[in-house]
Structures are given as C-alpha cells and as structure tokens.
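Engineer: What follows is a predicted structure for the sequence shown.
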Amino acid sequence: MSKRLLPLIILALGVLGFLALKMTRPEPAEVSASERSWRVSTQRVEPGSHTPLLPLYGQVVAPEQLDVTATLAGRIDARPVSEGQRVQAGDLLVALDDADIEPVLAQARAQVDDLKAQLAAEQVRHRNDSAAIRSERNIRDNASRQLERTKALVQRNLASQEDLEAATDALARAELTVSTRQRAIDEHPSRVQSLEAKLAQAQANLATIERDAQRARLTAPFDGVVTGIQVAPGDLVARNEPLLSLYPDQSLELRARVPAQFRSELLDALARGEALSASSKDGSHRFELVRFAGTADPAGTEAILALVGNGGGLRPGELLPVNLQRPERANTVAVPFSALYGANALYLMTDDQRMQRITVERVGEARAGNGERWLLVAGDALEPGAQLITTHLPNAMTGLKVEPVDAAGESAE
C-alpha cells in the first residue's frame, strides 16, 4: 500500500512547492514604451553676405609667346640658350653664320648700284640724243634742198636720173635717222620711269635683306623662358624655318570652361567693374577674370583669367584647378555638405527637438576657415536663430526626435 502512495505523495509535494514559489515570487517592474532620440550636431542659422566659389579646371597658356623663325637661309652659328632657361631682355637667343648672310647682302647692294648706273647712263644717252638730233635735222634739211636742186637740173637736162635717185635716197636716210633719234628722245621718260621703279624695288629688297640680316642675331625682347628649341649650332636652316620660342612668365593666362548658367552672372559683374579673382587649391597662384572667349560650345564658354604676380613655376600647357570668386550674394547661409539631403533639402530642429524638412536654393560653394568646402544656400525658411541639423542621418524624416550635441563651430568665409 505504501509503495503505491509514494509517487502520489512526491507529486503532491512538488505541486505544493511550485505553488509556494509562485506565491512568494517578486512582482516584475512595469515597462512603459519610450521614443528613441538621435544625437545630432546643430548649427545656428545666421544669414549674411557671402562670396560663392566656382570650382574650375583650366589650362595655363602663354598668349605673348614669341615664335622665332629663320629670317634668312643659312647655318646656325650660335645658340647659347637651352630648353626652359630663363633669359633677360637683350640676351642672345640664336645667330646665323655671317658667311651665309654677307653674300646675300652684297648681291642686293650690287643690284641697287647696277640700276643706279643704268639710270645715270640713260640720262647721258638722253643728253646725247638731244644734241645729235639738231645736227641730224640740219642734214635732213640739206638733203631736202639737194633733192629740189637735182629735180630742177633734171628738168633742164643738166643732171641724170641716177643723180635724182641718189638725192632722193639721201633725204630718205636723213629722215629715218631723225625719226629714230626722235623716238629715242620720246621714250626717255618711260625708260627713266622703268629704271626708277626697278631701283625702288631693288632698294626695298635691300632694306628687307638688311633688316633680316640684323635679325639673324636675335636677342630676347623681354624677360622670359626659352622653350620649343628645334635647332642646334651647325644646323642648316631654310628661310622662315622655326628655331625656338620664348614666352614671358609674367603674362601667363589660365583658360577654363565656365558652365552656361554662370556666364551671365560673371559677365554682368565684369561690366560693373567688379574684380573677380581665383586662386589655386593651395593658394600659391592667383588669377583675375578679365574676359570671356568670343565663341562657346554646349559644354560652356572659355573664361580667360590673367595671372596676378609671379608665375611661381607655372608652365604653358599645365592643367590647374582653381576656385573663382563669384559676385557676393546677400541673405545666404554657409552649411557643411553633411547637412544636405538630396539636391536641395535640409532639416531644421524644432522647439520640441524634432526634425523638419525644408527646401533651399543651392547658391554655390564656400570655403570654411579650415579650408573645407561648404555649401552656400538660401531660402525663406532659413530664419535667423533657427537650429540647422548638420549631422547626416540615413533615416532622416520630418518628426524624427533628435537630441542636440555641441553645435558646429566652423564658419565659411
């Protein structure tokens, strides 16, 4: 009997123990649902006047580059400069051999002297013709009278027919001589004019060769840098063959393509006389916008920026990124790019610490005090004193609860 009751007694004791434990357990604390908040950095909105920056990527060019060519054919006698060498005004760049220049000069001078001699000979010939024609006219007149006498004698049978023919031939020869001499006298002005024209042409040719001979020893017309050397001493060159180039490093320009949306704004600023400067990323080079190119393409218009100050190692053909200052814009706010959502949305923190989405206008870029790129925006919702959320939240939405931490301390220029 006791063996059958033992399992029941154990089961009963277990149930009683469970009930005792359940009755003596501590009451659990009540759990209430709470809304989660996100920690964010904020920035106080202070609208003001800012200068937006336009990032550009341009190429350095040398508009005043001088291309040196051979003025005469000959052999290179000297070329004391090297590629990339800096020279001063008056330094010798290249010189042709005098042995190749002197014969050309001598030939041009001889041509001038020959034409001067021909012109002098023509004047002497004209004086002789003028003097000779008087005697030849007298001879013609005598021949004419002789012919008349011979005709009278023939009529009286005192002279033969042969005498008459001889007198006629003598008169004809005298008239031909006078006619030939007169033609020579009449042609004198035209011959003089022709010789004078040839002389003027020869003198012009001589002046050209003398000028080219002087330029055969070319010196630097300004301080600059030598580039594009294509010859060496001893080379034989033809007329107008390129020799080398020289550019002034103080007159370099930067040509960069500006999108069409900014062109009108910059042109209006130039028309008002505003100085729009640009600087390289590290600030070592400065430029000033002076004009735009005369043509454009779908990618934009080429802006021409003049170098301000020393080139500092810049070379034509170099690609250089710069930031161009656009005209100052009022009622704008500089914010970090982390505050931007999409193309034109920001979030403000309301008084009850919730996010509120606003739409703004992107004005351009600005530069923070530490050199960081910031964004310039404008909009009616950007009221002074408002708290702008600068922390980028992946789950940002209007109404999301946030908790501010230390406000952003940087400011843009």
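Structural biologist: Happy to help now that I have it. Source: prediction; values computed, not measured.
Engineer: Skipping adjacent residues, who's closest to E365 in space?
Structural biologist: Of all residues not flanking E365 in the chain, L53 sits nearest, at 4.7 Å (C-beta to C-beta, 6 or more residues apart in numbering). Where you see a C-beta, it was placed from the backbone N, CA and C, and this is true even at glycine.
Engineer: What residues are bridge-paired with the one you found?
Structural biologist: Q325, E365 (DSSP bridges).
Engineer: cool, and the one 5 residues further on?
Structural biologist: With DSSP bridges applied, the residues forming beta bridges to G58 are A256, L320.
Engineer: give me every residue that touches it.
Structural biologist: L254, R255, A256, R257, A303, L305, L319, L320, P321, V322 (C-beta atoms under 8 Å, 6 or more residues apart in numbering).
Engineer: returning to what we had before: isn't the residue nearest to E365 up against P327?
Structural biologist: No: taking contacts as C-beta atoms under 8 Å, L53 lies outside contact range of P327: 11.6 Å.
Engineer: Those two: which is more packed in?
Structural biologist: L53 (22 against 14; other C-beta atoms under 10 Å).
Engineer: Pull the contacting residues for the more buried one.
Structural biologist: Applying C-beta under 8 Å, 6+ apart, one finds that L53 lies in contact with N323, L324, Q325, R326, G364, E365, A366, R367.
Engineer: Nearest to F262 among these?
Structural biologist: Here the nearest of these to F262, counting by C-beta to C-beta, is R326; it sits at 6.9 Å.
Engineer: got the contact list for that closest one?
Structural biologist: Each residue near R326 by C-beta under 8 Å, 6+ apart is listed here: T51, P52, L53, L54, F262, E265, L266, A269, L276, G364.
Engineer: if I look at the fourth one, how far off is E365?
Structural biologist: Here the distance between L54 and E365 works out to 8 Å (C-beta to C-beta, to the nearest Å).
Engineer: which neighbours do these two share?
Structural biologist: N323.
Engineer: Give me the neighbour count for L254.
Structural biologist: Neighbour count for L254, taken as other C-beta under 10 Å: 27.
Engineer: again with I389
Structural biologist: Neighbours of I389 (other C-beta under 10 Å): 26.
Engineer: and the nearest residue to it once chain neighbours are set aside, bridged to which residues?
Structural biologist: Once flanking residues are discounted, I389 sits nearest to Y347: 4.5 Å by C-beta to C-beta, 6+ apart. Going by DSSP bridges, Y347 is paired in beta bridges with R357.
Engineer: Identify the residues contacting Y347.
Structural biologist: With C-beta under 8 Å, 6+ apart, Y347 has these contacts: A339, Y341, M355, Q356, R357, I358, L388, I389, A396, T398.
Engineer: Let me have these in TSV, extended by distance to D129 and pLDDT.
Structural biologist: Formatted as TSV, the contacts of Y347 follow (distance: C-beta to C-beta, whole Å; pLDDT from 0 to 100):
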residue	distance to D129	pLDDT
A339	104	90
Y341	106	93
M355	115	92
Q356	113	93
R357	110	93
I358	107	92
L388	107	92
I389	111	91
A396	112	88
T398	115	91
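Engineer: Now which of the residues you listed would you call buried?
Structural biologist: Buried members of the contacts of Y347, scored by 16 or more other C-beta atoms under 10 Å, are A339, M355, R357, I358, L388, I389, A396.
Engineer: In this structure F337 contacts L376, no?
Structural biologist: No: F337 lies out of contact with L376 (C-beta under 8 Å); the separation is 11.2 Å.
Engineer: which one of the contacts of R326 has the most neighbours?
Structural biologist: Top of the contacts of R326 by neighbour count (other C-beta under 10 Å): P52, with 24 neighbours.
Engineer: List the contacts of it.
Structural biologist: Q325, R326, R329, T332, V363, G364, E365, A366, L376.
Engineer: got it, and G48?
Structural biologist: A330, N331, T332, V333.
Engineer: Remind me what the single longest strand found in the chain packs against, helices and strands.
Structural biologist: Across the chain, the strand with the greatest residue count (assigned by DSSP state E) is strand 286-297. With contacts taken as 3 or more C-beta pairs under 8 Å, 6 or more residues apart in numbering; DSSP states H and E, strand 286-297 sits against strand 253-258, helix 260-271, strand 277-280, strand 300-308.
Engineer: hmm, back to that, how much space is there between the residue nearest to E365 and L314?
Structural biologist: 21 Å.
Engineer: and what of K281?
Structural biologist: 14 Å.
Engineer: what do you get for A269?
Structural biologist: Counting by C-beta to C-beta, the gap from A269 to L314 is 25 Å.
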